[in-house]
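[1] how does the following fold in three dimensions:
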Amino acid sequence: MKTTSVIVRSMVVPLWLLSSVNSLAALQFDGSNDYVTFGPATNSPGALGVTNFTIECWLKRTGAGATASTGTGGITAVPLVTKGRGEADGDNRDMNWFLGFTSAGVLTADFEDRNSGLNHPVTGTTAAGSNVWQHAAVTYAQDGTNGTWVVYLNGVPDKTNT
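    Numbers count the residues shown, from 1 in each chain. Coordinates of the predicted model:
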C-alpha cells in the first residue's frame, strides 16, 4: 500500500507568532486515521458563532492523499482543515466547514449553513504545487443576506462565489 501524506503547518497561529512561523513544528500524516482536534466548540453545538471567518493553513503536498465528502451538494476532496465531516444532511451531524484540495491539487472549500442545511462549495482554478510549502485560505464575509466565499492560494484570490 502506498503511503501518501499532506503536511499541515501552523493551523492556528497567534498574530504575535507570525514573525517566527518558520520556527514552528509541522504535522505529518501517514494517511491512516490521522487528525488533530481542538476540542468542542465553546458556543452552541456545531455553530461557528460568527458571520465572517477565515480558515487557513500552511501545507506541503507530498502525495495524492485520501478524499472525504462534505455531503449532498458539497465536494469530495482531500481534507486539510475541517470541522466535522459529511455524516448526515439536514441534522446536527452536517459538515460545518472544510478546506482541502481536489484530486487535481486545486484548493476547494465548503460549509453547510445551519438554517437550510445546504452546502456552499467553492473551488479554485490554480493547482497547488507539490513538495513546496504553500499557504491555503478561504474567507467568508456576510453583508446583510448575502455572503462571499473566497479561496486563496499563497495570498492570491483564486475563486469567489456569492
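[2] what's around residue 146, how many residues?
    8 (other Cβ atoms under 10 Å). C-betas here are computed from N, CA, C, even on glycine.
[3] so residue 69 makes contact with residue 76?
    Yes. Using Cβ atoms under 8 Å, residue 69 is in contact with residue 76, at 4.8 Å.
[4] my guess is residue 133 contacts residue 57. True?
    No. Using Cβ under 8 Å, residue 133 makes no contact with residue 57, being 10.7 Å away.
[5] ok, these two, which is more surrounded?
    Taking other Cβ under 10 Å, residue 133 and residue 57 do not tie; residue 57 has more neighbours (20 against 16).
[6] how about the secondary structure of the more buried one?
    Classification of residue 57 using DSSP: H, G, I helix; E, B strand; the rest coil returns strand.
[7] and it, how far from residue 107?
    Distance, residue 57 to residue 107, by Cβ to Cβ, to the nearest Å: 11 Å.
[8] what residues are shared contacts of those two?
    99, 136 (Cβ atoms under 8 Å, 6 or more residues apart in numbering).
[9] just name the shakiest helix or strand of the protein by mean pLDDT.
    strand 6-9 (a mean of 44; mean pLDDT, DSSP states H and E).
[10] give the buried residues for the helix or strand harbouring residue 124.
    Applying DSSP states H and E as the criterion places residue 124 in strand 122-127. Neighbour-count burial for strand 122-127 flags 122-124 (criterion: 16 or more other Cβ atoms under 10 Å).
[11] adding pLDDT and distance to residue 157, write those residues out as TSV.
    Compiled in TSV, the buried residues of strand 122-127 are given as follows (pLDDT from 0 to 100; distance: Cβ to Cβ, whole Å):
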residue	pLDDT	distance to residue 157
122	93	11
123	95	13
124	95	9
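[12] closest to residue 144 among those?
    residue 122 (19.5 Å; Cβ to Cβ).
[13] how near is that closest one to residue 159?
    6 Å.
[14] so which bits of stretch 129-142 are buried?
    Buried residues in stretch 129-142 (16+ other Cβ under 10 Å): 133-140.
[15] inside strands: which ones of those residues?
    Among those, the members falling in strands (DSSP state E) are 134-140.
[16] and which of those is nearest residue 103?
    In terms of Cβ to Cβ, no member of these lies closer to residue 103 than residue 136, at 15.8 Å.
[17] list the residues that contact the closest one.
    56-59, 80, 99, 101, 107, 128, 151-153.
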